[in-house]
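Participant: I would like the atomic coordinates for the input below:
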Amino acid sequence: MGSAASGPNGGGGDEAAPGGGTGGGHKESRAEPIGSSSSTSSGKRSLVYGYGGRRVDFAAFLHRETNTTKDNNKNTTSPSQPAKEETCKLPKITSVDVTTNLWRNREEHHTYEYDSQELILRRGQPFLFSFTLERPYDGEKDEIALEFSTGKKPSLTKGTRIVFTIAQEMEEGKWSATIDKTEGNQVVLKAQTSNNCPVGRYSMSVIIKSKESKEKQTLNCDKSIYMLFNPWLEKDTVYMEKEDEREEFVLEDSGYLWYGSYKQIGKRRWNFGQFEDSAFEAAIYLLQDHNEALSDADRGNPILVSRSMSAAINVQDDGGVLVGRWDGEYGDGTRPTAWNGSVAILEQYMKDKDPVHYGQCWVFSGVLTTILRSLGIPARSVTNYASAHDTDSSMTIDKHFDERGESIEWMDSDSVWNFHVWNDCWMARPDLPPGYGGWQAVDATPQETSEGIFQAGPASLNAIRQGHVYLPYDTRFIFAEINGDMVYWEASDGDYNLDKLRCESSSVGRGLYTKSVRQNTGEDIKTQYKHAEGSKEERLAVECAVQHGTKPDIYRPDGPIFDDVMFEIDTEDRVYVGSDFDVKIKLTNQSSEERNVTLSVIVQVCFYTGVLAQKVKIEKKEVTLKENSTVESIVHVTVEEYVDKLVDQSAMKIFFMGKVKETKQVMASQDDFRLRTPDVDLTVSETKLTVGQEFTAKMALKNPLPRTLTNCSFSVEGAGVQRARTIYLNDVPPNGEVKEEVTLKARKPGKRTLVVDFDSDQLSQVHSDIHFEVSKG
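Facilitator: Numbers count the residues shown, from 1 in each chain. Okay, here's the model as predicted:
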């Protein structure tokens with residue numbers, strides 16, 4: 001053993017190098033006694049060891065460790081908790097309670113209709129909750145903070161993790177909280193979020209800190225908090241000023257969707273059901289968990305949320321809610337006309353997140369209305385009659401004929417749908433110049449891609465109206481749907497030459513219908529989308545739009561036009577399926593000379609999207625017109641000619657082409673026609689009910705067709721009354737009648753609507769609805 005060191009480090013020379021040795025090589029360090037044991041003045045023995053050149057009194061060290069261990073054994077709290085002697089300074093949080101004031105909060109936040117028992121709030125608005133301490137709160141010693149988090153990776157910088165200390169007063173428009181009152185060990189807080197925070201599911205924690213030390217304690221709330229957009233808050237970007245409009249476009253859970261054609265307008269009841277458990281659950285899932293393209297931070301922006309939801313409703317790209325199908329083959333799913341509302345669709349989707357088969361435009365729109373309203377964005381479904389589908393961004397819809405006057409279908413990539421249903425949602429547009437806020441068009445039906453995804457909008461209605469199609473999003477496409485011009489072309493010389501025959505400026509966007517505010521009637525909102533047809537303002541808007549399209553020279557001046565024969569296509573307005581009908585072509589000769597006209601009329605079954613099916617009738621005629629005279633040519637169509645060719649919606653296209661022998665004038669046009677379907681005869685045993693009361697609904701329908709109806713069913717649904725239910729029926733013979741009776745129970749108070757739909761292979765889009773009052777009892 002070495003002797004006691006005399007160097008400054010007590011090691012007998014230089015301090016050991018980092019490798020454990022000095023100079024040339026490694027030398028192991030060992031603990032060695034460097035002096036004898038002795039007694040200290042306190043009576044404790046001292047034993048000094050040398051370790052690596054240092055002096056260590058091990059007895060004193062062991063004495064300190066023993067005392068520390070004894071102290072620690074007295075304190076069984078976690079490292080983040082204070083020692084026992086400091087408990088009086090920092091009390092333990094025993095519970096966080098968001099349920100005591102749950103219904104008061106939900107009443108004030110207009111979320112009381114949601115079936116969910118969770119705390120559902122609207123952003124930027126105060127709410128109450130409480131927590132309990134193991135002793136009364138002491139403002140002199142205790143400091144309280146709150147933490148809210150949302151999303152997969154909450155971040156302070158991205159606004160998805162928010163931590164703040166309660167203050168004397170709340171700060172307007174920002175995350176803040178203050179003490180509302182204290183009662184014994186309970187503290188009631190009034191808190192609010194910022195006006196623009198992300199919506200969705202949040203977790204919350206209460207933090208108590210000691211003002212005298214750095215000690216703190218945190219308790220997580222065991223319930224989620226749900227934050228929605230707030231149309232009642234003026235600072236929110238979805239703020240809507242009028243209460244009756246908020247009630248209609250946010251709180252109304254049942255409405256109407258329009259279908260048919262502009263001459264034969266039809267409407268059907270739709271159960272939006274945005275407050276049902278499955279609908280709200282689906283809204284949060286689609287917003288927060290389904291779509292990775294929408295960041296957690298962007299969930300506070302209704303522009304991006306509505307755009308993202310338009311993509312989430314269709315199956316394309318991201319496996320969304322609905323599979324669209326338009327070919328009439330629905331054997332492995334549900335016929336689109338059989339749905340009565342959104343709830344059954346969302347309920348089915350949320351079971352396993354598999355897309356639901358099948359939907360068409362009104363179904364996509366109805367579900368999107370449900371999701372947007374559930375999230376707090378004011379929304380409405382809108383039907384555009386004679387809705388164009390422009391495939392080349394020209395803002396025109398091109399129709400081609402050959403020299404015989406027959407349609408050249410392979411050249412017609414554009415189409416005009418009998419009707420198309422999309423959505424409007426209400427919001428400010430801070431991303432655009434002033435004046436473009438308000439209603440914005442969004443479309444969930446997969447037609448064309450936008451930024452590589454099947455989504456559309458939001459497009460400002462004012463931008464559409466003015467022809468400002470360069471403004472985002474998808475304004476060009478939606479402008480063409482409601483205000484594109486129909487251009488007719490004649491192909492000659494083997495389809496190598498095209499001559500422009502005619503341009504119709506008023507064939508598209510013949511009416512835009514939505515439900516009137518707080519009424520069960522329809523409102524034509526066409527003037528919100530475009531100026532009066534043919535007005536100077538409307539023509540300027542079209543010219544502006546076309547200049548930003550792919551055919552800016554389409555309106556170049558034509559040669560001299562000698563159009564002295566006018567024409568008009570006329571069909572009966574109320575022709576029911578199962579009846580014969582007439583197509584009338586009225587020709588007027590405005591010249592003082594005789595005119596000879598060759599007519600070609602084609603009646604063809606089509607899907608409501610304008611896609612053509614079988615031809616019903618082709619008729620060609622020679623008509624002579626005396627000077628300044630009018631002649632009416634009639635094409636008669638019998639039920640036997642069309643009954644076995646009908647497809648969904650009982651829709652047809654009527655194509656007309658005429659040539660004037662003397663002047664070479666060419667006339668071309670097309671028109672939409674729909675056979676009306678009967679209504680279900682629906683009655684209920686009681687029209688004034690109380691919650692929990694049973695009642696009976698009776699349904700009856702007579703078959704109007706000379707064919708047996710197969711695969712028949714009634715679907716019954718009503719928000720707050722009956723979850724979707726399907727009743728399968730026997731075949732119904734020609735002119736036969738089917739009757740059914742069901743017992744139902746009212747689940748919620750208020751004005752309620754029961755919707756019934758009849759479906760079969762041969763006859764669809766047959767429905768009815770009935771209204772009644774339910775009291776709390």
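
Participant: All the strands of the stretch 501-650 of the chain, in order from the start?
Facilitator: 511-515, 522-524, 565-571, 581-589, 595-606, 612-625, 630-637 (DSSP state E, counting those that start in this stretch).

Participant: which one of these is the most hemmed in?
Facilitator: Of all the strands of the stretch 501-650 of the chain, strand 511-515 carries the top mean neighbour count, a mean of 23, counting by mean count of other Cβ atoms under 10 Å. All C-beta atoms are positioned from the backbone trio N, CA, C, and that covers glycine.

Participant: Doesn't Arg106 belong to a helix?
Facilitator: Yes. Assessed with DSSP: H, G, I helix; E, B strand; the rest coil, Arg106 lies in a helix.

Participant: Count the residues that sit near it.
Facilitator: 21 (other Cβ atoms under 10 Å).

Participant: I figured it hits Ser116, correct?
Facilitator: No. Using Cβ atoms under 8 Å as the test, Arg106 is too far from Ser116 to be in contact (9.7 Å).

Participant: what are the bridge partners for the residue nearest to Lys688 when sequence neighbours are not counted, then?
Facilitator: Among residues not flanking Lys688 along the chain, Glu773 sits closest, at 5.4 Å (Cβ to Cβ, 6 or more residues apart in numbering). Glu773 has these beta-bridge partners by DSSP bridges: Lys688, Lys751.

Participant: ok, Glu773 - contacts?
Facilitator: Counting by Cβ atoms under 8 Å, 6 or more residues apart in numbering, Glu773 makes contact with 687-689, 750-752.

Participant: Now the two most distant members of those.
Facilitator: Thr687 and Gly750 (13.9 Å; Cβ to Cβ).

Participant: and the two? which has more neighbours close in?
Facilitator: Shown here are Thr687 and Gly750; by other Cβ under 10 Å, Gly750 has more neighbours (14 against 11).

Participant: could you pull out the strands for the stretch 151-300 of the chain?
Facilitator: Counting by DSSP E, counting those that start in this stretch, the strands of the stretch 151-300 of the chain are 161-165, 176-183, 186-192, 200-210, 216-220, 225-228, 254-260, 265-271.

Participant: Can you say which of the ones you listed is nearest to Ser516?
Facilitator: strand 254-260 (9.3 Å).

Participant: which other helices and strands contact the closest one?
Facilitator: strand 265-271, helix 361-375, strand 379-389, strand 415-427, strand 511-515 (3 or more Cβ pairs under 8 Å, 6 or more residues apart in numbering; DSSP states H and E).

Participant: Can you pull the poorly scored residue ranges out of this protein?
Facilitator: Low-confidence segments of the chain (pLDDT under 70): 1-88, 494-496, 555-562.

Participant: can you redo the helices and strands packed on strand 254-260 as a markdown table with distance to Lys92?
Facilitator: Shown next, in a markdown table, are the helices and strands packed on strand 254-260 (distance: least, Cβ to Cβ, whole Å):
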| stretch | distance to Lys92 |
| --- | --- |
| strand 265-271 | 49 |
| helix 361-375 | 38 |
| strand 379-389 | 46 |
| strand 415-427 | 45 |
| strand 511-515 | 55 |
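
Participant: Out of those, the one nearest Gly139 is which?
Facilitator: So among the helices and strands packed on strand 254-260, helix 361-375 is nearest, using Cβ to Cβ, at 38.3 Å.

Participant: Going by neighbour count, which residues in the closest one are buried?
Facilitator: 361-375 (16 or more other Cβ atoms under 10 Å).

Participant: and if you look at stretch 645-656?
Facilitator: Quick answer for stretch 645-656 (16+ other Cβ under 10 Å): 646-656.

Participant: cool, stretch 237-255 as well?
Facilitator: Those would be 237-240, 245-246, 248-255, for stretch 237-255 by 16+ other Cβ under 10 Å.

Participant: Over to stretch 522-536?
Facilitator: 522, 525-526, 528-531.

Participant: Run a quick neighbour tally on the closest residue to Asp277 other than its chain neighbours.
Facilitator: Excluding the flanking residues, the one nearest Asp277 by Cβ to Cβ, 6+ apart is Asp115, at 4.6 Å. Using other Cβ under 10 Å, Asp115 has 15 neighbouring residues.

Participant: what's the answer for the one 5 residues further on, then?
Facilitator: Residues contacting Ile120 under the criterion other Cβ under 10 Å number 25.

Participant: repeat for Lys152
Facilitator: When neighbours are counted by other Cβ under 10 Å, Lys152 comes out with 10.

Participant: hmm, back to that, quick one: which two of the buried residues of stretch 645-656 are the most distant?
Facilitator: Most distant of these, by Cβ to Cβ, are Asp648 and Phe656, 24.4 Å apart.

Participant: quick revisit: can you put the contacts of Glu773 in CSV and add distance to Val666?
Facilitator: Converted to CSV, the contacts of Glu773 look like this (distance: Cβ to Cβ, whole Å):
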residue, distance to Val666
Thr687, 59
Lys688, 63
Leu689, 63
Gly750, 59
Lys751, 55
Arg752, 56
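
Participant: of those, closest to Thr609?
Facilitator: Checking the contacts of Glu773 one by one against Thr609 (Cβ to Cβ), the nearest turns out to be Arg752, at 33.7 Å.

Participant: The closest one: neighbouring residues, count only.
Facilitator: For Arg752, using other Cβ under 10 Å, the count is 21.

Participant: Test my guess that it contacts Ser775.
Facilitator: No. Arg752 lies out of contact with Ser775 (Cβ under 8 Å); the separation is 10.8 Å.

Participant: ranges for the helices of this protein?
Facilitator: 58-74, 102-108, 243-246, 277-284, 302-312, 343-352, 361-375, 461-466, 475-483, 526-529, 536-546, 639-642 (DSSP state H).

Participant: and those as JSON lines, adding distance to Asp499?
Facilitator: Below are these laid out as JSON lines (distance: least, Cβ to Cβ, whole Å):
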{"stretch": "helix 58-74", "distance to Asp499": "98"}
{"stretch": "helix 102-108", "distance to Asp499": "66"}
{"stretch": "helix 243-246", "distance to Asp499": "50"}
{"stretch": "helix 277-284", "distance to Asp499": "52"}
{"stretch": "helix 302-312", "distance to Asp499": "39"}
{"stretch": "helix 343-352", "distance to Asp499": "48"}
{"stretch": "helix 361-375", "distance to Asp499": "34"}
{"stretch": "helix 461-466", "distance to Asp499": "31"}
{"stretch": "helix 475-483", "distance to Asp499": "23"}
{"stretch": "helix 526-529", "distance to Asp499": "32"}
{"stretch": "helix 536-546", "distance to Asp499": "20"}
{"stretch": "helix 639-642", "distance to Asp499": "33"}
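
Participant: Now do stretch 101-113: distance to the chain's middle.
Facilitator: Relative to the mean C-alpha coordinate of its chain, stretch 101-113 is positioned 23 Å out (Cα atoms, centre = their mean, to the nearest Å).

Participant: no wait, stretch 571-590
Facilitator: For stretch 571-590 - counting by Cα atoms, centre = their mean - the centre lies 40 Å from the chain centre.

Participant: now do stretch 226-233
Facilitator: Counting by Cα atoms, centre = their mean, stretch 226-233 comes out at 16 Å from the chain centroid.

Participant: and Leu346, what does it touch?
Facilitator: Contacts of Leu346 (Cβ under 8 Å, 6+ apart): 276, 278-279, 281-282, 321, 367, 370.
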